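Peer 1: Just the structure for this:
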Amino acid sequence: MCLRRRYALVHLCWCQYRKRLLLGQGQQYTNFIGDSFFCKYMRLLILLLIVLVFVGGVVTAVSTDEVHSITLLSVTGGPNETYKGGVANLYLQVKQGQGAIFVESYPLAKLDTQVSIRFANEVACEFSNVDCEKYDFFYTIRAGSPIVGGPSGGGATALLTLAVLEEVDLKEDFAMTGSISSGGIIGAVAGVAEKVEAAASKGKKLAIVPALSLDNNTFLSLDNKTLTVVSLEALGIIVEPVISLDEALEFAAVSYEAKKLLPIIVDDAYLDKMELTVNHLCTQSKKLLEEIEPTNNSLYVSAEDFYNKSLAINDRKNYYSKASFCYSANLRFRDLIMTNLSQHILQENYDRLIEAQNKFEKDIKAKPLRTFTDLETSVIVTERLLESRTYLKEINQTNISSSLLAYAIERYESAVAWSGFFGLPGDELQLDDLTVRVACLKELEEVETRMNYLRTLLPETFLEGVTDELDKAYEYRQDEEPALCLFKATKAKAHANLFFATLGLVTNSTTEIALAKIQRAGQVIASQDKGFPILGYSYYVYANELSGEDDYSSLLFSEYALGMSDISRYFPRQQESLVLSNERITQIGFFAIGLFLGMLIMLIIIGRRRTKPNSRKKRR
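Peer 2: Next up, the predicted model:
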């Protein structure tokens, strides 16, 4: 009702203004253009401007309603582990909406295919700069085989989605197979040779396949069936092995310039704070070492080994690894020292720790959270403090465990060391309780989607690590700790992604996957513009440190790095909505002014034509 009144008021004021202006000039108002005629069209013009203001915000760069397609390669199983290749067509239509994903297939697709499509959409949206929450995605699969199943269409789905979002035209003479995992890594699938033959039989000139499915990364041997250079030439098809979504898009696009690798610019403020953290922990290591007599005890040998590793690191950019080594040494040194203490001394340490925890917790809760680094620091510190309290709760005070007390003290010391990261410079973000809760729920939803898929492939015992992390995230949510819930859910997602990354490998390619994930994590870190992701970068450094020595752990920490480096996407800048509104108003304003002037000129011309007969009558 209010809008109607404002519209009527604008219309009335304009017409009255025109009337007064013309009468002041000694002209007949009705002779110039006619009250009913002018106001009728003026009303239409005002209405058009109002509509433009309200709908202008939905105008976007992504072309909607057009149907795009890609050819998938599939196989059906036969006797004695044989495969028969086939093709399927995947269609995608994007419409303005709210981020919903719809999947239709004929024949009916299995659950794993539907989950794979959703996961592929998520990966493509992370690669693109487009806000996918503004669109609905309609995927349709048409295949000749009776059953469409498995994750082998994930890579092609992600490729098609990314091409649509970035408005990149794809070639028509290619087909693709390969799963998709976090970071846009194209994962291994079975039956590659048979799929290549199927693509050739359908007249395709190019087959994009996962490099991780090939023996020694060469197309000369595909799975259990060999396709030589000669046989590929006879088939008239080229095979391009790829390991990332970027590579696949380079081969599949009509014209596409790959994005340049960005250097990671490490914030000097982060390095300074990290150096203080390292000094806090490693000074403690040196002090504890001086209190202990050298021994052949395995705990002492292990602690000394960690301490020596920390001494070997002098690169400031690798200080997270140094801090980790010193912390591991401290746990063992303190455990050894406290083993020989009396119960009376242990009780005194116990009481002092509780007093220190209470004071420290009060100080931490008083810290304002303005930047993403503040949020990260709060999570790091709070989680370590809670773990320290958990160890204390497990202690029987009539017979205090020196080991549990040692762990409780070191977790507390770690929390104190990391608290120095509060106040690092960065953009101020919307970190209110509701925004953090919504972010936590979104991460939990993504973990559950992955778990539903993994449970169709693996026994529950294999997934215990993911389940434990997920349970802890729900526990934090119930305890009204949304920030801890968010970061714990992200860790659970990283564990789930680890399974996605390693499913279907035909060769031991963990090193290649880890390196590809580390590289992608570096690009995600380098592209962040809301603040330096201290957790993501720390895990990135540690994954690099472990590469070559412990590839599985390196892969896990690269997953942590990928997840933790991109959480800031959930939190808009404090002034971001206002800035966007101003930009939108500016764009709409220029368009509206042009439209207004054009229609006004048209109205004047029409009005003059209508006044000519009146002028002739007066002359007669």
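
Peer 1: Who are the packing partners of whichever helix or strand residue 408 is part of?
Peer 2: Take DSSP states H and E as the rule and residue 408 turns out to sit in helix 402-418. Packing contacts for helix 402-418, counted by 3 or more Cβ pairs under 8 Å, 6 or more residues apart in numbering; DSSP states H and E, involve helix 268-290, helix 319-339, helix 343-365, helix 372-393. Bear in mind the C-beta positions are built from the backbone N, C-alpha and C, glycine included.

Peer 1: Quick check, residue 197 in contact with residue 235.
Peer 2: Yes. With contact defined as Cβ atoms under 8 Å, residue 197 counts as touching residue 235 (6.6 Å).

Peer 1: And the two? Which one has more around it.
Peer 2: residue 197 (23 against 17; other Cβ atoms under 10 Å).

Peer 1: Give the helix, strand or coil label for the spatially closest residue to that one that is not a sequence neighbour.
Peer 2: Distance criterion Cβ to Cβ, 6 or more residues apart in numbering; nearest residue to residue 197, sequence neighbours excluded, is residue 85 at 5.4 Å. Judged by DSSP: H, G, I helix; E, B strand; the rest coil, the three-state class of residue 85 is strand.

Peer 1: And the strands in the chain?
Peer 2: In the chain, the strands defined using DSSP state E lie at 67-77, 83-96, 101-106, 135-143, 174-176, 179-181, 185-187, 206-210, 238-242.

Peer 1: so can I have a markdown table of these showing mean neighbour count, mean pLDDT and distance to residue 427?
Peer 2: What follows is these, written out as a markdown table (neighbours: other Cβ atoms under 10 Å; pLDDT from 0 to 100; distance: least, Cβ to Cβ, whole Å):
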| stretch | mean neighbour count | mean pLDDT | distance to residue 427 |
| --- | --- | --- | --- |
| strand 67-77 | 20 | 86 | 35 |
| strand 83-96 | 19 | 89 | 28 |
| strand 101-106 | 15 | 85 | 30 |
| strand 135-143 | 19 | 91 | 26 |
| strand 174-176 | 28 | 95 | 38 |
| strand 179-181 | 29 | 90 | 30 |
| strand 185-187 | 27 | 91 | 30 |
| strand 206-210 | 25 | 93 | 38 |
| strand 238-242 | 20 | 90 | 35 |
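
Peer 1: sorry, back to before: nearest approach to residue 536 belongs to which of the helices and strands packed on helix 402-418?
Peer 2: Comparison of the helices and strands packed on helix 402-418 against residue 536 by Cβ to Cβ identifies helix 372-393 as nearest, at 8.7 Å.

Peer 1: Give me the mean pLDDT for the closest one.
Peer 2: Helix 372-393 comes out with an average pLDDT of 94.

Peer 1: what's that helix packed up against?
Peer 2: Against helix 372-393 (3+ Cβ pairs under 8 Å, 6+ apart) you get helix 343-365, helix 402-418, helix 482-502, helix 534-546.

Peer 1: redo that, cut-off 10 Å
Peer 2: Contacts defined by 3 or more Cβ pairs under 10 Å, 6 or more residues apart in numbering; DSSP states H and E place helix 372-393 against helix 268-290, helix 343-365, helix 402-418, helix 464-478, helix 482-502, helix 534-546.

Peer 1: From the chain's centroid, how far away is that helix?
Peer 2: Relative to the mean C-alpha coordinate of its chain, helix 372-393 is positioned 24 Å out (Cα atoms, centre = their mean, to the nearest Å).

Peer 1: Any buried residues in it, and which?
Peer 2: 372-389, 391-392 (16 or more other Cβ atoms under 10 Å).

Peer 1: what angle sits between that helix and helix 464-478?
Peer 2: If you take axes from the mean of the first three to the mean of the last three Cα atoms, to 10 degrees, helix 372-393 sits at 100 degrees to helix 464-478.

Peer 1: Could you tell me the angle between helix 372-393 and helix 482-502?
Peer 2: If you take the same axes, to 10 degrees, helix 372-393 sits at 90 degrees to helix 482-502.

Peer 1: got the CA coordinates for helix 372-393 in PDB?
Peer 2: C-alpha atoms of helix 372-393 as PDB (Å, rounded to 0.1, in the frame of the first residue of the first chain):
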ATOM      1  CA  PHE A 372      38.800 -13.800   9.700                       C
ATOM      2  CA  THR A 373      42.200 -14.200  11.400                       C
ATOM      3  CA  ASP A 374      40.600 -13.300  14.700                       C
ATOM      4  CA  LEU A 375      38.000 -16.000  14.100                       C
ATOM      5  CA  GLU A 376      40.700 -18.600  13.300                       C
ATOM      6  CA  THR A 377      42.700 -17.600  16.300                       C
ATOM      7  CA  SER A 378      39.700 -17.900  18.600                       C
ATOM      8  CA  VAL A 379      39.000 -21.400  17.300                       C
ATOM      9  CA  ILE A 380      42.700 -22.500  17.600                       C
ATOM     10  CA  VAL A 381      43.000 -21.100  21.200                       C
ATOM     11  CA  THR A 382      39.500 -22.200  22.400                       C
ATOM     12  CA  GLU A 383      39.900 -25.800  21.100                       C
ATOM     13  CA  ARG A 384      43.300 -26.200  22.700                       C
ATOM     14  CA  LEU A 385      41.900 -24.800  26.000                       C
ATOM     15  CA  LEU A 386      39.000 -27.200  25.900                       C
ATOM     16  CA  GLU A 387      41.300 -30.100  25.200                       C
ATOM     17  CA  SER A 388      43.400 -29.100  28.200                       C
ATOM     18  CA  ARG A 389      40.300 -29.000  30.400                       C
ATOM     19  CA  THR A 390      39.200 -32.400  29.000                       C
ATOM     20  CA  TYR A 391      42.600 -34.000  30.100                       C
ATOM     21  CA  LEU A 392      42.100 -32.500  33.600                       C
ATOM     22  CA  LYS A 393      38.600 -34.000  33.900                       C
END
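
Peer 1: and the direction of that helix versus that of helix 343-365, what angle?
Peer 2: Compare the direction of helix 372-393 with that of helix 343-365 by the same axes, to 10 degrees and you get 150 degrees.

Peer 1: any idea of the angle helix 372-393 forms with helix 268-290?
Peer 2: In terms of direction (the same axes, to 10 degrees), helix 372-393 departs from helix 268-290 by 20 degrees.

Peer 1: So, low pLDDT: which residues of the protein?
Peer 2: Scanning the chain with the threshold set as pLDDT under 70 gives 1-61, 63, 77-83, 107-112, 144-150, 215-230, 504-508, 575-620.
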